[in-house]
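1. Dropping a prediction and its sequence here:
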Amino acid sequence: MAQASPAPNPSAAGAHQGVIHQLRNVSFSYDDGGVLAVDNLSLNFVGGESVAIVGPSGCGKSTLLALLAGFANPTAGEIVHTPAPAGRHPMTMVFQNETLLPWLNVVDNIKLFFRYNKGAESKSTIEARVRDLIALAGLGGFERFYPHQLSGGMRKRVAFLTSVAPLPRTLLLDEPFSSLDEPTRVGLHEDVLKIVRQYNMTMVLVTHDIAEAVTLADRVVILTKRPAQIADERVISVSKEEPVLEMRRDPVFLEVYADLWDSLARQIEPAGVRAPSPEVAK
């Protein structure tokens with residue numbers, strides 16, 4: 001394993017590395033030019049990679065994700081997506097807030113996409129995928145349970161599977177695990193790594209948790225205070241093959257964590273005051 005290193009210039013990544021989403025000099029203002037949330041930001045996303053976006057509270061992380069998803073349009077600049085391969089849904093999102101339908105059980109929540117996209121795939125293919133996903137997420141035996149019968153961590157797993165079931169090329173996650181306790185979150189990280197790799201998805205994660213970013217991402221992008229610009233960008237060469245707890249005990253993981261925290265601290269500390277690096281949760 002290796003320490004975090006500066007990422008290549010996103011504008012220089014180029015098509016040779018399989019860029020599938022491009023933000024080109026993107027700016028975004030709320031209230032018809034009132035509040036500038038994103039300012040002249042350029043960023044590429046390569047197919048098959050996992051990218052974590054971190055930054056000070058209120059800096060525009062979720063706004064950037066909404067722009068990438070098409071929920072909002074840039075005030076200036078452009079966002080370019082290459083077509084998704086045949087058989088792959090272009091993009092889905094896992095939200096921070098509860099999104100499960102309380103009147104549907106686990107299986108029916110996971111299959112919700114197909115209720116409104118009939119004919120997308122055969123019934124047998126869908127059933128087999130849902131069974132596989134439930135097994136991968138450790139939800140076997142809870143197929144007919146309703147959301148109110150599940151723990152918070154189990155509900156988050158189901159919400160995650162609901163977004164994974166359509167087989168998106170790109171999976172967006174907007175701080176979906178922030179409300180969970182640390183042991184539950186670590187277990188979910190194991191599931192995310194397993195499922196994203198198995199189904200060859202590109203993942204873009206907005207998080208305030210540096211440890212989560214190092215655990216799940218191949219690349220971390222640190223944003224400035226609002227309006228969001230790119231303050232730093234690092235490739236994370238930490239192996240994702242070992243269990244998450246073992247990964248977090250590795251001295252190199254801790255070095256990468258401290259390095260990223262130092263970079264983030266420069267965006268959140270008052271002028272002339274140096275924030276200490278907190279210890280990573282193990």
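-> The structure has been received and is ready for your questions.

2. pLDDT averaged over the one helix or strand Arg155 maps to - what is it?
-> Taking DSSP states H and E as the criterion, Arg155 maps to helix 152-164. Mean pLDDT, computed over helix 152-164, is 94.

3. Other residues contacting that helix?
-> Contact partners of helix 152-164, identified using C-beta atoms under 8 Å, 6 or more residues apart in numbering, comprise 92-95, 98-100, 106, 109-110, 112-113, 130, 133-134, 137-139, 142, 147, 150, 171, 176-177, 179-180, 184, 187-188, 191-192, 195, 199, 201. Every residue, glycine included, has its C-beta placed from N, CA and C.

4. Which ones among those residues lie within strands?
-> 92-94, 171 (DSSP state E).

5. Please parse this structure into its domains.
-> 1-88+168-282, 97-166 (automatic domain parsing).

6. Which of these comes out lowest on mean pLDDT?
-> domain 1-88+168-282 (a mean of 85).

7. And it, how far out from the chain middle?
-> 7 Å (C-alpha atoms, centre = their mean, to the nearest Å).

8. What is the burial count for the residue lying closest to Leu100 once chain neighbours are set aside?
-> In this structure, Leu100 finds its nearest non-sequential neighbour in Pro147, 4.5 Å apart by C-beta to C-beta, 6 or more residues apart in numbering. Counted with other C-beta atoms under 10 Å, residues neighbouring Pro147 total 19.

9. So which residue is dead centre in the protein?
-> Centroid check for the chain by C-alpha atoms, centre = their mean gives Leu205 as the closest residue, at 1.9 Å.

10. and it, that one's in a strand?
-> Yes - remark: Leu205 belongs to a strand, assigned using DSSP: H, G, I helix; E, B strand; the rest coil.

11. right, and it touches Phe45 too?
-> No - using C-beta atoms under 8 Å, Leu205 makes no contact with Phe45, being 11.6 Å away.

12. Look up how far Leu36 lies from the nearest residue to Leu133 once chain neighbours are set aside.
-> Using C-beta to C-beta, 6+ apart and skipping residues adjacent in sequence, the residue nearest Leu133 is Leu161, 4.8 Å away. To Leu36, Leu161 is 37 Å away according to C-beta to C-beta, to the nearest Å.

13. Of the two, give the one with the bigger neighbour count.
-> Ranked by neighbour count (other C-beta under 10 Å), Leu161 and Leu36 place Leu161 first, with 24 against 16.

14. Do a quick rundown of the helices in the stretch 151-282 of the chain.
-> 152-164, 182-198, 210-216, 244-249, 251-268 (DSSP state H, counting those that start in this stretch).

15. can you tell which of the ones you listed is closest to Asn25?
-> With C-beta to C-beta as the measure, helix 251-268 is the member of the helices of the stretch 151-282 of the chain nearest Asn25 (21.0 Å).

16. got the contact list for Leu101?
-> Leu101 touches 109, 112, 147, counting by C-beta under 8 Å, 6+ apart.

17. Recalculate using a threshold of 10 Å.
-> Contacts for Leu101 (C-beta atoms under 10 Å, 6 or more residues apart in numbering) come out as 108-109, 112, 146-147, 162.

18. Narrow these to those in helices?
-> Mapping those onto helices (DSSP state H) picks out 108-109, 112, 162.

19. Quick check: of those, which has the highest neighbour count?
-> Most surrounded of the ones in helices among the contacts of Leu101: other C-beta under 10 Å gives Thr162, at 23 neighbours.

20. Would you quantify the distance from that residue to Glu246?
-> 29 Å.
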